[in-house]
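In: Here is my input; please provide its structure:
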Amino acid sequence: MADELKRGLEGVLVAESDLSYVDGEVGKLVYRGYDIEDLARGATYEEVLYLLWHGSLPNAAELDSFAADLAAEREVNDDVIETVRALADAGERPMAALRTATSMLSAYDPDTGDEDGDAGEATLRQGRRITAKIPTVLAAFERVRQGEEPVAPDPDLSHAGNFLYMLTGTEPDAVSEETFDMALTLHADHGLNASTFTAMVIGSTMADVYSGVTGGIGALSGPLHGGANQDVMEVLHEIDASAKDPVQWVKDRQDDGGRIPGFGHRVYKVKDPRAKILEEKLRDLAESSGDTKWLDYTTAIEEYLTDQGLVEKGIAPNVDFYSGSVYDSLGIPLDMYTPIFAMSRVGGWIAHVAEYQEDNRLIRPRARYTGPEDAEFVPIDER
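Out: Presented below is the predicted three-dimensional model:
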């Protein structure tokens with residue numbers, strides 16, 4: 001029926017896309033035809049960005065040029081860093097600080113306000129700058145919060161390795177760099193989720209990509225979208241502080257009517273394929289560090305809830321169930337998990353905006369009016 005109400009636009013097709021496909025029934029995610037497992041294990045985040053933005057995987061020369069161009073854009077104007085300092089000193093939340101700083105970046109972009117040339121190419125050039133600078137902004141914000149000076153980006157490091165270096169001041173080991181790179185790839189795109197759709201709606205007005213990314217960050221900041229990995233980690237810390245067995249803690253939470261974050265997904269009815277890969281990387285990190293606590297907790301909880309029949313009901317582990325533990329193992333603070341999500345997903349936002357604008361139509365849905373009819377107007381002096 002044309003007038004059937006679809007709350008939350010569930011099941012409504014609003015666009016065609018070549019970018020990513022999610023099959024929630026079998027637990028499959030692909031970017032431009034490539035299985036996420038192949039990309040996560042075999043490609044760097046830079047290669048995945050190239051794939052999303054340009055339609056194919058790069059050859060060695062193309063990748064070298066693309067990665068060098070990306071690395072060359074990492075430095076952030078001093079005015080933006082000073083704003084980041086002020087936000088950190090004021091106690092601003094990381095996602096709100098990122099939203100503000102990203103919007104401010106547009107003031108220093110040479111392409112903004114330029115009406116000449118190919119709009120799609122301008123979007124990708126601006127998108128490259130945004131993607132390169134967000135890690136610098138986030139690392140600077142966190143270091144200022146900790147009373148440390150920001151660390152300048154290193155153009156010789158990978159996108160993933162450079163962020164960990166700017167965050168800690170120390171170059172990461174190979175396992176940490178590979179794990180974080182993999183996490184960025186796994187979160188780069190995921191169909192028309194709330195933040196991607198927000199960026200697309202903004203892009204459909206032909207606003208610049210800074211506006212779309214800023215809107216995407218705002219949408220991702222909501223607890224129903226980007227905050228679940230932080231929720232999972234908070235639960236694991238509660239379990240640890242309680243000195244209870246993880247399974248007993250979960251049983252008690254269920255008896256009290258509470259839910260366990262990290263289980264269930266709007267699309268996936270089986271275990272999220274991204275969760276499977278991050279579980280393996282959590283094992284690698286645990287073996288590398290010798291600390292298996294989070295791995296032991298998460299696997300015990302997953303085994304118990306699976307035995308309780310949750311997976312059979314379509315409530316399976318999602319990517320957030322393991323990503324929080326991975327980030328904690330990498331030394332990333334709890335409230336930086338969602339900003340890390342944004343740091344990855346910006347690649348997908350930019351790709352969707354650029355793709356949609358190629359055959360643009362202003363996104364303008366309707367709402368069914370349920371208000372009063374034929375209200376009689378009364379002049380103000382008679383009310």
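
In: my read: Tyr21 touches Gly191, true?
Out: Yes: contact criterion CB atoms under 8 Å: Tyr21 and Gly191 qualify, at 7.1 Å. (C-beta placed from N, C-alpha, C; glycine too.)

In: Provide a list of residues in contact with Arg361.
Out: With contact taken as CB atoms under 8 Å, 6 or more residues apart in numbering, Arg361 is in contact with Ser204.

In: what about it, distance to Pro94?
Out: Using CB to CB, to the nearest Å, Arg361 is found at 35 Å from Pro94.

In: Same question for the closest residue to Gly264 other than its chain neighbours, what's its three-state structure.
Out: Counting by CB to CB, 6 or more residues apart in numbering, Gly264 lies nearest to Ile315, which is 4.4 Å off, once chain neighbours are set aside. Of the three states, Ile315 takes coil under DSSP: H, G, I helix; E, B strand; the rest coil.

In: Just after the top helix by length along the chain, pick out the following helix or strand.
Out: Identified as the longest helix of the chain according to DSSP state H is helix 119-145. Using DSSP states H and E, the helix or strand that follows helix 119-145 towards the C-terminus is helix 159-168.

In: tell me the mean pLDDT for that following helix?
Out: What helix 159-168 shows for mean pLDDT is 98.

In: And that helix, what does it pack against?
Out: Under the contact definition 3 or more CB pairs under 8 Å, 6 or more residues apart in numbering; DSSP states H and E, helix 159-168 sits against helix 45-54, helix 60-71, helix 119-145, helix 174-186.

In: Asp89 touches Val144, doesn't it?
Out: Yes: using CB under 8 Å, Asp89 is in contact with Val144, at 7.2 Å.

In: what about those two, which has more around it?
Out: Neighbour totals were compared for Asp89 and Val144, and Val144 leads with 19 against 10 (other CB atoms under 10 Å).

In: For the residue nearest to Gly264, the count of nearby residues, please.
Out: 19.

In: Pop out the phi and psi values for it.
Out: Ile315 adopts backbone torsions of phi -110, psi 90, taken as degrees, to the nearest 10.

In: what's near enough to touch it?
Out: Going by CB under 8 Å, 6+ apart, Ile315 touches Phe263, Gly264, Leu305.

In: quick check: mean pLDDT across stretch 28-37?
Out: Regarding stretch 28-37, the rounded mean pLDDT is 96.

In: And for that stretch, what's in contact with it?
Out: With contacts defined as CB under 8 Å, 6+ apart, stretch 28-37 is touched by 18-23, 39, 48, 51-52, 55-57, 185-186, 188-190, 273-274, 276-277.

In: Restricted to strands, list the residues you listed.
Out: Among the contacts of stretch 28-37, the ones falling in strands (DSSP state E) are Ser20, Tyr21, Val22, Asp23.

In: Against Leu70, how distant is Glu312?
Out: Glu312 is 44 Å from Leu70, by CB to CB.

In: From Val48, how far off is Tyr34?
Out: The spacing between Tyr34 and Val48, counted by CB to CB, is 9 Å.

In: more neighbours, the two?
Out: Using other CB under 10 Å, the more surrounded residue of Tyr34 and Val48 is Val48, with 26 against 16.

In: Name all residues that make contact with the more buried one.
Out: Listed by CB under 8 Å, 6+ apart, the contact partners of Val48 are Tyr31, Leu39, Leu184, Thr185, Ala188, Gly347.

In: do that again at 10 Å, thanks
Out: Shown in contact with Val48 (CB atoms under 10 Å, 6 or more residues apart in numbering): 31-32, 34, 36, 39-40, 57, 181, 184-186, 188-189, 344, 347-348.

In: Equivalent analysis for Ser56, please.
Out: Contacts for Ser56 (CB under 10 Å, 6+ apart) come out as Arg32, Gly33, Tyr50, Glu62.

In: Pro273 too?
Out: Neighbouring residues of Pro273 by CB under 10 Å, 6+ apart: 22-23, 26-30, 35-37, 40, 186, 319.
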